[in-house]
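**Student:** predicted model follows, preceded by the sequence.
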Amino acid sequence: MAYLPNIVFFLALVFGIGYFARNIRKVIRNIKLGKEVAASDHTSQRWSNVFRIALGQSKMVKRPVAGLLHIIVYLGFIIINIEVLEIIIDGLLGTHRIFAALGSFYGILIGIFELLAVLVFISVIVFWIRRNVLKLQRFWKPEMTSWPKNDANFILYFEMILMTFFLIMNATDVHFQELNQGNWVSKHIAEWFRNAPETTLHLIERTAWWLHILGILIFLNYLYFSKHLHILLAFPNVYYGKIAPKGKFKNLESVTNEVKLMMDPSVDPYAAPAEGTENPAKFGASDVMDLSRTQLLNAYTCTECGRCTSECPANQTGKKLSPRKIMMDTRDRLEEVGKNWDKNGGFQADGKQLLDDYITREELWACTTCNACTEACPVSIDPLSIILDMRQYLVMEQSAAPNELNVMMTNIENNAAPWPFNQMDRANWINEL
Amino acid sequence: MNGAFQIPTMAEMMAQGKQPEVLFWVGCAGSFDDRAKKITKAFAKLLHQAKVNFAVLGTEESCTGDPAKRSGNEFLYQMQAFMNIQVLDGYGIKKIVTTCPHCFNTLKNEYPELGGNYEVVHHTQFLKSLLNEGRLKVAGGKFKGKRITFHDPCYLGRANNEYEAPRELLHKLEVELIEMKRCKSRGLCCGAGGAQMFKEPEKGDKDINVERTEEAIGTNSTIIAAGCPFCNTMLTDGVKAMEKEDTVQVFDIAEMIANADDL
Ligand code: SF4
Ligand code: SF4
């Protein structure tokens, strides 16, 4: 029975990682419900964005306080995870602190981990206070219903617990404390346990060790249900982010083809469509399947931080539009479609869509296309592109633009200007000089 | 101005077998809107003063399609774009300057995919290069030392990353530039973009242009400088809504330069 812990550990690992992989496959399948996008261009620019924006957190620090705290938690997360590697090897092989063979370097490493653990702990507490005591406005907008609020707090509690277990594990590790290398923080905690017998200490150490690694596996599996998926998806998302100037909106190829036909005098407009031509493409988006894969990846990546919404001119002046809500709605609808798919082995019409059932027209028409949201987003999400695709559906498929906009568009058609002026008066200003 | 001058249309230039150095794309607001026409005229005067050989399309110019595209009407946008590209290419246009950031953005970023490739600059960028080449002189004149704030147009700033050209011009005017808290990449929209100019805003507790004008006036500036005819209208309306017309004015930078030494 000496191998029992190893076997239990192995099973926990397989189950934990296996379930996570299953859900990630679901995420990928759902994203692939979207339209394919070409992103083989600007490879070096894309990688540099990944290094600067995702890895380097360049946009996070635009808000210095939150940015700094986030960098601490993020560094802590990445660096302390080196420790997880040791835990996994120990767990599988039944060894104890296998990396200790590295000697004094190991001490320094663990010392840094311990310091980071304390810093992470403090940062997470400050985060919690910002959300729950100071009640920063962007965390209390209407779309922050109970689940998004709880989700954010759960993660903070998780971090606190994981860091605590890590430090207790080190503090109660008698050998490690005797080595007196790298126990920079834990030696102070060890004081509290000074009078405990060695067997008790060992028991506490083992418990903390197990809870620490199980906690990490639970955390990993929690990601799929949470806004914390961003810790993985931020990287591909930034890679696929927009490279062109923000003002450049995408060109609709399907429209180009039709307009060219309309303007080409050599084409017979009454000719029967060539055989094998597909149904005319749907213009714009009314549901998640009409969006691109990048836009769906955006939805899964959104951290619900609300930086976009807090910069949005429409939102700041009390309009219903919130770019964060656009992303949250897209993800919720995509999840719903995904579940429908799982249940029916394919998508069965459910009488619902992204438009109206999730995102209202009032929200869509309030956007000024100012790009404040895309500029603010720390992970290169583009809520504006979804708004525009949905406007395209409303206008080109449903002729459902607000009346004043219809007037404006009729003016352009008739007078070549958005107002009802006579085109022949266009150059009158020259004579007024 | 010492005597009126003539501004040729491309058709006239073509008839004389000439090519301009640059085409001045006036834009719909600049052609028809009374307030925006003043910006157009001021900029034309500056071009003339700097001896720039330029022309306009006149009645052959047509809406770039920006408000249609941003409303979601890609059809109408592309029809406009193809028509304009035909005209521009017919005249062999290489370089375009425009006083409207929306025209600027559409011509520069969105026409290439439909086959229209031109060098497009915003008038503040063009004025800056005229200054650097020594073709235009800008001195403080009557704006020297005045407290002035600058409102970044979304389609010049965030959309195209140009924050410095307008500020350099203001610097040359020797004004005391007071930045708003929300400036440059964090500049607040005036509320006109995305075709909002042509409709009533959705229900809310404030109009965007009022929110922005309040911020601008909060800097205690006597002039709000702008670089877009739509921002200009929105901010002017904002000033009126706050009943501050007597103390605060909204000017395009081109107007300020032209006014500095009373062109
Ligand atoms: S582009 Fe639209 S959604 Fe984004 S910040 Fe501007 S108004 Fe808000
Ligand atoms: S879209 Fe970006 S800025 Fe907006 S909430 Fe999501 S992550 Fe934050």
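**Tutor:** Ah, there it is. Residues are numbered from 1 along each chain as shown, chains lettered A, B, ... in the order given. Ligands and ions are numbered 1, 2, ... in the order given.
**Student:** count residues in the vicinity of the closest residue to chain A within the stretch 1-150 of chain B, would you?
**Tutor:** Among all residues of the stretch 1-150 of chain B, B:Gly72 sits closest to chain A, at 3.1 Å; criterion: Cβ to the nearest Cβ. The C-beta positions use only the backbone N, C-alpha and C, and glycine is treated the same way. A count of neighbours around B:Gly72, defined by other Cβ atoms under 10 Å in any protein chain shown, yields 31.
**Student:** might you name the residue of chain B sitting closest to ligand 2?
**Tutor:** For chain B and ligand 2, the shortest gap (Cβ to the nearest ligand atom) falls at B:Arg186, measuring 13.3 Å.
**Student:** how close does that residue get to ligand 1?
**Tutor:** Applying Cβ to the nearest ligand atom, to the nearest Å, the value for B:Arg186 to ligand 1 is 11 Å.
**Student:** circling back to that earlier point, the residue lying closest to the residue of the stretch 1-150 of chain B closest to chain A once chain neighbours are set aside: helix or strand, and which one exactly?
**Tutor:** Using Cβ to Cβ, 6 or more residues apart in numbering or on different chains and skipping the chain neighbours, the partner closest in space to B:Gly72 is A:Arg391 (3.1 Å). Per DSSP states H and E: A:Arg391 is located in helix A:383-392.
**Student:** send me the lowest-mean-pLDDT helix or strand in chain B as CSV with only the CA atoms.
**Tutor:** When each helix and strand of chain B is scored by mean pLDDT, DSSP states H and E, helix B:253-260 comes last, with a mean of 93. Output of helix B:253-260 as CSV, limited to C-alpha atoms (Å, rounded to 0.1, in the frame of the first residue of the first chain):
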residue,chain,number,x,y,z
ILE,B,253,-7.2,74.9,-36.0
ALA,B,254,-7.2,76.0,-39.7
GLU,B,255,-9.4,78.9,-38.7
MET,B,256,-7.1,79.9,-35.9
ILE,B,257,-4.1,79.9,-38.1
ALA,B,258,-5.9,81.9,-40.8
ASN,B,259,-7.2,84.3,-38.1
ALA,B,260,-3.9,84.7,-36.3
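**Student:** got a list of contacts for it?
**Tutor:** Residues outside helix B:253-260 that contact it (Cβ atoms under 8 Å, 6 or more residues apart in numbering or on different chains) are B:38-39, B:42-43, B:45-46, B:99, B:123-124, B:127, B:136, B:138-143, B:166, B:169-170, B:173, B:223, B:225-227, B:251.
**Student:** filter those residues down to the ones close to chain A.
**Tutor:** B:Lys45 (Cβ under 8 Å from any Cβ of the partner chain).
**Student:** is there a quick ChimeraX command that grabs whichever of the contacts of helix B:253-260 are buried?
**Tutor:** Selecting only the buried entries of the contacts of helix B:253-260 in ChimeraX, with 16 or more other Cβ atoms under 10 Å in any protein chain shown as the criterion:
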select /B:38,39,42,43,45,46,99,123,124,127,136,138,143,166,169,170,173,223,225,226,227,251
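**Student:** next step: the contacts of helix B:253-260 restricted to strands.
**Tutor:** Using DSSP state E, B:223, B:225-226, B:251 are the members of the contacts of helix B:253-260 that sit in strands.
**Student:** ok, back up a step: what's the burial count for the residue nearest to B:Gly72?
**Tutor:** By other Cβ under 10 Å, 28 other residues sit near A:Arg391.
**Student:** and it, what's its pLDDT?
**Tutor:** You'll see A:Arg391 listed with a pLDDT of 98.
**Student:** hmm, A:Leu364 and it touching each other?
**Tutor:** Yes: proximity of A:Arg391 to A:Leu364 meets the contact threshold set by Cβ atoms under 8 Å, at 5.7 Å.
**Student:** from the chain's centre, how far out does the least confident helix or strand of chain B sit?
**Tutor:** Centroid separation between helix B:253-260 and its chain, computed with Cα atoms, centre = their mean, to the nearest Å, is 13 Å.
**Student:** and it, which residues are buried?
**Tutor:** Under the neighbour-count criterion of 16+ other Cβ under 10 Å, helix B:253-260 has B:253-258, B:260 buried.
**Student:** same question, stretch A:117-124
**Tutor:** Under 16+ other Cβ under 10 Å, the buried positions of stretch A:117-124 are A:117, A:119-121, A:123-124.
**Student:** how about stretch B:121-136?
**Tutor:** Within stretch B:121-136, the residues that count as buried by 16+ other Cβ under 10 Å are B:121-128, B:130-131, B:136.
**Student:** dihedrals phi and psi, B:Leu130?
**Tutor:** Main-chain torsions, B:Leu130, degrees, to the nearest 10: phi -60, psi -40.
**Student:** thought it was touching B:Gln49?
**Tutor:** No: if you go by Cβ under 8 Å, B:Leu130 and B:Gln49 don't touch, sitting 9.3 Å apart.
**Student:** common neighbours of those two, please.
**Tutor:** Listed as contacting both B:Leu130 and B:Gln49 by Cβ under 8 Å, 6+ apart are B:Leu136.
**Student:** list of residues touching stretch A:243-258?
**Tutor:** Applying Cβ under 8 Å, 6+ apart, the external contacts of stretch A:243-258 come out as A:41-42, A:45-46, A:49, A:280-281, A:283, A:369, A:371, A:374-375, A:385, A:388, A:392, A:396, B:69-70, B:74-75, B:78, B:105, B:109-110, B:113-114, B:155, B:158-161.
**Student:** just to revisit the earlier point, would you turn the buried residues of stretch B:121-136 into JSON lines with pLDDT?
**Tutor:** Compiled in JSON lines, the buried residues of stretch B:121-136 are given as follows (pLDDT from 0 to 100):
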{"residue": "B:Val121", "pLDDT": "98"}
{"residue": "B:His122", "pLDDT": "98"}
{"residue": "B:His123", "pLDDT": "98"}
{"residue": "B:Thr124", "pLDDT": "98"}
{"residue": "B:Gln125", "pLDDT": "98"}
{"residue": "B:Phe126", "pLDDT": "98"}
{"residue": "B:Leu127", "pLDDT": "98"}
{"residue": "B:Lys128", "pLDDT": "97"}
{"residue": "B:Leu130", "pLDDT": "97"}
{"residue": "B:Leu131", "pLDDT": "94"}
{"residue": "B:Leu136", "pLDDT": "94"}
